[in-house]
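**Q** structure for this input, please:
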Amino acid sequence: MPLIAHVYDLPEKILAMGYSTPLYQEAYTATPRQYCQKNIDPWDLDKFQKAAKALNLSGVHMPYWCDWIYACPSVFLRGEILHTCFKFFTDHPLKWVKESVGAYELDTCFIIQHNQVGTCHFMKGIMHVKQMMGHGYRDIECTIVASIAGAISPRFICAIRGLIDFIHLTQNPVHSPQSLQAMTQALLDFHSFKDASVTAEARKGKNSIKEDFFIPR
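**A** Here you go, the predicted structure:
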C-alpha cells in the first residue's frame, strides 16, 4: 500500500523531512540519505551529528517512510488550504497591507461594507481577529483588493491580487494544464510587483524593515 498523504503541522513536517529547523524552501539542499551516499557512517554518532547539524538536519537517517514503497515527501506531505493559503495570507500579506494602509483605516474599509447573505460582515473590523473559520479568511480575500483600492500604490495592489488569484486557483477540485498555467501566471504577477511592498516599507521585522521574502512556511 503506497503512502498517499500525511496530515501534519509545521513541526511534524520538519520532523518527517529529517530537518531540525523550518528552513526556506530553497535551502532544502540535502537529505539524511545523501549523507549515507557520501560514506558518512550514521552510526559514528559524533561525526554524523556534526555533519547533519551543518545543514540543519535532525540526524535521523532512517525516517519512518524510508522503506515504504513509492513514498516521497514531495508527494505525501501535502499542504492544506486553511493553513497553507488562508492563514499564510493573514499572517503575512494582510499585515503588509495593514502597515501601508493603517489598522484603523483598514478596519473601517470592512466595517462600512454592506451586509450580504452568505458573506461575513466584520462589524468590528478584521485587525482584532486572532483566529477564524475558513470562510472568514475567504471573505477577507474576496474583498481586500476592492477595499484597499486607492489607499496604496497600484503595484502593491497588483502583488496582493496575484497572491489572491493563486490562493483561489489552488482550490480547484481538479487541475489541468490550463489551471496550472494560470497558477504559475498568478505567482509571476506577484513576483513582478512584490517590490512595491518593500518600497512601501510594509514588511517589518522585530527591529527593522525587511527587504527579503524569506518566509519559513
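
**Q** how about residue 7, nearest residue that isn't a chain neighbour?
**A** Leaving aside its sequence neighbours, residue 7 sits nearest to residue 80 (CB to CB, 6 or more residues apart in numbering; 7.4 Å). C-beta: built from backbone N, CA, C; applies to glycine.

**Q** what about that neighbour, how many neighbours?
**A** For residue 80, the neighbour count with other CB atoms under 10 Å is 13.

**Q** ok, now how distant is it from residue 68?
**A** 21 Å (CB to CB, to the nearest Å).

**Q** same check, this time on residue 49
**A** Between residue 49 and residue 68 the distance is 25 Å, computed by CB to CB.

**Q** what of residue 159?
**A** Remark: distance between residue 159 and residue 68 (CB to CB) = 40 Å.

**Q** pLDDT weak spots in this structure?
**A** 9-10, 20-39, 78-79, 205, 215-217 (pLDDT under 70).

**Q** now the helices for it?
**A** 10-17, 32-37, 45-54, 73-76, 81, 88-91, 93-101, 103-111, 134-148, 154-170, 177-193, 195-199 (DSSP state H).

**Q** format these as TSV; extra columns: mean neighbour count and distance to residue 62.
**A** Below are those laid out as TSV (neighbours: other CB atoms under 10 Å; distance: least, CB to CB, whole Å):
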stretch	mean neighbour count	distance to residue 62
helix 10-17	15	13
helix 32-37	15	8
helix 45-54	13	12
helix 73-76	14	14
helix 81	14	32
helix 88-91	17	32
helix 93-101	20	39
helix 103-111	16	49
helix 134-148	18	37
helix 154-170	19	33
helix 177-193	14	34
helix 195-199	18	42
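
**Q** out of those, which is closest to residue 206?
**A** With respect to residue 206, and counting by CB to CB, the nearest of those is helix 93-101 at 13.1 Å.

**Q** quick check, distance from that closest one to the centre of its chain.
**A** Using CA atoms, centre = their mean, to the nearest Å, the distance from the centre of helix 93-101 to the centre of the chain it belongs to is 16 Å.

**Q** any chance you could list what contacts that helix?
**A** Residues from elsewhere that reach helix 93-101 (CB atoms under 8 Å, 6 or more residues apart in numbering): 106, 109, 126-127, 140, 144, 148, 151-152, 156, 160, 163, 197, 200-204.

**Q** name the residue most distant from the centre of the chain?
**A** No residue in the chain sits farther from the centre than residue 44, which is 36.8 Å out by CA atoms, centre = their mean.

**Q** against residue 52, how distant is it?
**A** 12 Å.

**Q** what of residue 60?
**A** In terms of CB to CB, residue 60 sits 9 Å off from residue 52.

**Q** and for residue 59?
**A** 4 Å.

**Q** got a list of contacts for stretch 164-176?
**A** 81, 85-86, 89, 141, 144-145, 179, 182-183, 186-187, 189-190.

**Q** if anything else comes up later, I'll come back, but that's it for now.
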